[in-house]
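*Asks:* Structure, please.
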Amino acid sequence: MNKIVLSTFLVLSVFTSCSNYGQLKVIADLPGSLDENSGLATYGDCTVWVIEDGGNKDEIYQINLKGDILKSLKVKNGDNQDWEDLTTDKAGNLYIGDIGNNANKRKDLVIYKLPNPTIEPGDKIDAEKIKLHYPDQKDFPPKKEGLFYDSEAIFHHDGKIFIITKNRSKAFTGEAHIYSVPDTKGTYEATLVGSFTPCKDWKICQITSIDISPNGDRIVALSYGKLFIFTDFTWDDFTKGNMQEIDLGARSQLESVCFLNDDTLLISDEKAHSEGGNLYTYSIK
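*Replies:* Coordinates of the predicted model:
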């Protein structure tokens, strides 16, 4: 963790959250233009890249840890059908998961691959398309007990994008599927890696975001109120390692998680019913 990030985090850590946000520490009230934020990514500095979900602009936003918008870039060739998560790779590329699929009927799922936006000099940025479909989805949409093909969570590891699905089945089983696709431009049948059941309460057990630590030894999945921390895993099915479940005590619409450093998470939520719309920190040291 560099000295700037460390000093900034120590200052921000003195803030305490209101009781509605449980263990989360509010560090910024996000601007109203980002009320429907859906993905976070950072490059290890004191700024965060943010996207909004479907129906919003085809733009990515750089904010500081006070919530101020520093820069916005229009994504060329990147139509926002339902942008739901961000991730980065070690080369500095940024990936946008346009994989939101509430009704489970989309046939145009795509992950956009962008070059490092922090060094983009203009106000637009190029995007390559990684198109994908799920090998086990035969109907669009499936029957209500088979609504497994929405997703709001991606992370990058070793040349692959891992996708974790958001269960919308009725009755709710809690089961989440894991798929992977190569991180290069093309059209792919996703590989089914495995599945796991984080918990079984539909209100707080649907996976909304995921990230891997900079040193690669922890993966954290977020839901509407809980964290699921995976350790001691082997690839590709990281769920075969240990899973720790943490109830954050927060019940807002938590949408995004990313690692600020190996021990500190950034988390955000949508603004809904006069609650949320914040940027938080949470320590997993």
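*Asks:* contacts, neighbours, all on C-alpha from now
*Replies:* Will do.
*Asks:* Within the helices and strands, which one has the closest residue to Phe259 other than its chain neighbours?
*Replies:* What sits nearest to Phe259 in space, not counting adjacent residues and going by CA to CA, 6 or more residues apart in numbering, is Leu265, at 4.5 Å. Element membership for Leu265 (DSSP states H and E) is strand 264-269.
*Asks:* For that strand, what is the distance to the chain centroid?
*Replies:* Strand 264-269 sits 10 Å away from the centroid of its parent chain (CA atoms, centre = their mean, to the nearest Å).
*Asks:* just the strands in the stretch 51-200 of the chain please.
*Replies:* 59-64, 69-75, 85-88, 94-98, 110-114, 124-125, 128-133, 150-157, 160-166, 176-182, 186-189, 191-196 (DSSP state E, counting those that start in this stretch).
*Asks:* what packs against the first one?
*Replies:* Packing partners of strand 59-64 (3 or more CA pairs under 8 Å, 6 or more residues apart in numbering; DSSP states H and E): strand 47-52, strand 69-75.
*Asks:* pLDDT of whatever helix or strand Leu279 lives in, averaged?
*Replies:* Using DSSP H and E, Leu279 sits in strand 278-283. The predicted model assigns strand 278-283 a mean pLDDT of 98.
*Asks:* Same question for stretch 188-197.
*Replies:* 98.
*Asks:* first to last residue in that stretch, what's the distance?
*Replies:* Stretch 188-197 has its terminal residues 26 Å apart, counting by CA to CA, to the nearest Å.
*Asks:* List the buried residues of stretch 23-43.
*Replies:* Applying a neighbour-count criterion of 16 or more other CA atoms under 10 Å, one finds 23-30, 34-43 buried in stretch 23-43.
*Asks:* Run through the protein and note the low-pLDDT ranges.
*Replies:* The chain contains residues with pLDDT under 70 at 1-19.
*Asks:* didn't Lys185 look like it was pressed against Ile130?
*Replies:* Yes. At 4.8 Å, Lys185 and Ile130 qualify as touching, with contact defined as CA atoms under 8 Å.
*Asks:* These two - which one has more neighbours?
*Replies:* Ile130 (23 against 14; other CA atoms under 10 Å).
*Asks:* that older thread, to Lys203, which of the strands of the stretch 51-200 of the chain lies closest?
*Replies:* strand 160-166 (12.0 Å; CA to CA).
*Asks:* which residues touch Tyr21?
*Replies:* By CA atoms under 8 Å, 6 or more residues apart in numbering, the contact list for Tyr21 reads Leu248, Gly249, Ala250, Arg251, Ser252.
*Asks:* List the contacts of the residue lying closest to Asp89 once chain neighbours are set aside.
*Replies:* Using CA to CA, 6+ apart and skipping residues adjacent in sequence, the residue nearest Asp89 is His156, 5.9 Å away. Counting by CA under 8 Å, 6+ apart, His156 touches Thr87, Thr88, Asp89, Phe162, Ile212.
*Asks:* can we see that at 10 Å?
*Replies:* 86-90, 94-95, 162-163, 180-183, 211-212 (CA atoms under 10 Å, 6 or more residues apart in numbering).
*Asks:* coming back round to it: show me what the strand holding Leu279 is packed up against.
*Replies:* helix 3-12, strand 25-29, strand 254-261, strand 264-269 (3 or more CA pairs under 10 Å, 6 or more residues apart in numbering; DSSP states H and E).
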